[in-house]
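Using only what follows, build the 3D model:
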Amino acid sequence: MGFPGTWMTESESMVYRVVPKCACSTIGQIMYRSDHGHFFDGDIHDAQGGLHKWAQERSQGPITDNVTARKSLVFTCVRNPYGRILSSFFDKICGIQRNGRRYRGNLVPMLVQKYGIEVGDPETGFEFDQIRSFRRFLLFARDTIRFRKPMDPDIHWAAMSGHVSTLIRGGGRYDMIFDTENFDAGMSAVLARAPLRHPVDLAAMPRFNESEGHGPRRAHPVEDFFDDLSMHLMREVYGRDFELFGYDIDDPSRRAPVREIDLDAVHAKLGG
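Residues are numbered from 1 along each chain as shown. I've put the predicted structure just below:
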């Protein structure tokens, strides 16, 4: 299966397994900056050079050689599943994408028809019942992940453990997994261990949130979106994410992890 979703600096200073909706745009830009001394002009997901990506055929050999021989620091970044699924909803379902269209063409009309979801309209300020629509989207996300109906799960709401596991099952091993809730500390630790061509000042760098400003702002605290049924669905679909990455499944308002990630446990449970 190789190493899907894996990026590596051209200098091979570090290897990163992308987990969507977990600061991947920022991390990719940091990797690019550490090699070239400047940030990529545009969305780093669009970069066709300057960074090895598994999706580019020319990069697959170097990534495979590096990861299987464990030549470089390998890391990834995770996020509280409650915040991550909300971000997926507001960005991918409610938001207008950078191409000026809705995400995945007919996806949103299908959700409106089959699940009764509302997404609002930019012309009217995206006014709609966010909580009701999100809970219906969560039911759809559960259906895609558990039953692969009415479609296969999208990478933006597929479980983080599934993304993280591919590198392990391919023969790689993570040196670090940190959380977005403590991003500066985690990313600083990565940069301190990698042989950088150019230093990166995390405090001075711009934010790279490609979805910001293209959809509705969340109008309620995280915990307001999750009633008993929603929390049951989260446990059903993302229970392993909460367990492996140290988040509190019983308290949606508790953003930060409640314990450190046990790397040995992650490799043992995701390596099968």
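
Report the helix or strand with the lowest average pLDDT across this structure.
The helix or strand of the chain with the poorest confidence is helix 107-115; it has a mean of 94 (mean pLDDT, DSSP states H and E).

how much distance is there from that helix to the middle of the chain?
23 Å (CA atoms, centre = their mean, to the nearest Å).

Stretch 122-131 too?
Taking CA atoms, centre = their mean, the mean C-alpha location of stretch 122-131 is offset from the chain mean by 25 Å.

could we number from 371 for the rest of this?
Noted, 371 is the first residue going forward, which turns the last one into stretch 492-501.

Please enumerate residues in contact with it?
Residues from elsewhere that reach stretch 492-501 (CB atoms under 8 Å, 6 or more residues apart in numbering): 464, 466, 488-490, 585-590, 594-595. For every residue, glycine as well, the C-beta is placed using N, CA and C.

Counting neighbours, which bits of that stretch end up buried?
Phe496, Phe498, Gln500 (16 or more other CB atoms under 10 Å).

Okay, and the closest residue in space to Arg387 that isn't next to it in sequence sits in which element?
The shortest distance from Arg387 to any non-neighbouring residue, by CB to CB, 6 or more residues apart in numbering, is to Thr446 (4.3 Å). Assigned by DSSP states H and E, Thr446 falls within strand 443-448.

now the helix or strand following that strand against strand 443-448, angle please.
Using DSSP H and E, the helix or strand that follows strand 443-448 towards the C-terminus is helix 451-458. Angle of helix 451-458 versus strand 443-448, following axes from the mean of the first three to the mean of the last three CA atoms, to 10 degrees, is 80 degrees.

Helix 451-458 packs against which elements?
helix 500-517, helix 598-615 (3 or more CB pairs under 8 Å, 6 or more residues apart in numbering; DSSP states H and E).

could I get the ones you listed as TSV with distance to Phe548 and mean pLDDT?
Shown next, in TSV, are the helices and strands packed on helix 451-458 (distance: least, CB to CB, whole Å; pLDDT from 0 to 100):
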stretch	distance to Phe548	mean pLDDT
helix 500-517	25	97
helix 598-615	10	98
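
Distance to Arg625 for those - can I get that in CSV?
Conversion of those to CSV gives the following (distance: least, CB to CB, whole Å):
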stretch, distance to Arg625
helix 500-517, 17
helix 598-615, 13
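
which one of the ones you listed lies closest to Met378?
Among the helices and strands packed on helix 451-458, the nearest to Met378 by CB to CB is helix 598-615 (22.8 Å).

I would like the residues contacting that closest one, please.
With contacts defined as CB under 8 Å, 6+ apart, helix 598-615 is touched by 448, 451-452, 455, 505, 508-509, 511-512, 515-516, 529-531, 534, 547, 549, 596, 617-620, 622, 627, 631, 635-636, 639-640.

any idea of the angle that helix forms with helix 451-458?
Orientation of helix 598-615 against helix 451-458 (the same axes, to 10 degrees) gives an angle of 110 degrees.

Dump helix 598-615 to CSV, restricted to CA.
Provided in CSV are the C-alpha atoms of helix 598-615 (Å, rounded to 0.1, in the frame of the first residue of the first chain):
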residue,chain,number,x,y,z
ASP,A,598,-26.5,12.4,24.0
LEU,A,599,-27.1,10.9,20.6
SER,A,600,-24.3,12.9,19.0
MET,A,601,-21.9,11.8,21.7
HIS,A,602,-23.0,8.2,21.1
LEU,A,603,-22.2,8.5,17.4
MET,A,604,-18.8,10.0,18.2
ARG,A,605,-18.0,7.1,20.5
GLU,A,606,-19.1,4.6,17.8
VAL,A,607,-17.0,6.2,15.0
TYR,A,608,-14.1,7.9,16.8
GLY,A,609,-13.7,5.9,20.0
ARG,A,610,-10.2,4.7,19.0
ASP,A,611,-9.1,8.2,18.3
PHE,A,612,-10.1,9.4,21.7
GLU,A,613,-8.4,6.4,23.3
LEU,A,614,-5.1,6.5,21.4
PHE,A,615,-4.6,10.3,21.4
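
This completes my enquiry, with thanks.
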